[in-house]
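In: Here is a sequence with its predicted model. Questions after.
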Amino acid sequence: MECKKQSNMKRCACTYPGCPRKGICCECIQHHVSKNQLPACCFPKEAEKTYDRSIEAFVRSRG
């Protein structure tokens, strides 16, 4: 499967400077799930800016 990094970049919610996985969704998801986290695209804009990708932060942001 071909990576669609260029089109993914247009909607990537990650604001972490220098993120090596930006626009590469499959790598981003694998990285965060392996750490019991969720990727930036799961969070509202203000919550994403905290860089806290924990499940707890996700629940608080929705709550």
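Out: Looks like it arrived, so ask away. Residues are numbered from 1 along each chain as shown.

In: buried ones in the longest helix along the chain?
Out: Of all the segments of type helix in the chain, defined by DSSP state H, the longest one is helix 25-34. Of the residues in helix 25-34, those scored as buried under the neighbour-count criterion (16 or more other CB atoms under 10 Å) are C25, C28, I29, H31, H32. (C-beta placed from N, C-alpha, C; glycine too.)

In: Throw those residues into TSV and include distance to N8 and pLDDT, thanks.
Out: Converted to TSV, the buried residues of helix 25-34 look like this (distance: CB to CB, whole Å; pLDDT from 0 to 100):
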residue	distance to N8	pLDDT
C25	6	96
C28	9	97
I29	12	96
H31	15	97
H32	15	96
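
In: For C3, state which of the residues you listed is nearest.
Out: Top of the list for closeness to C3, among the buried residues of helix 25-34 and by CB to CB, is C25 at 8.5 Å.
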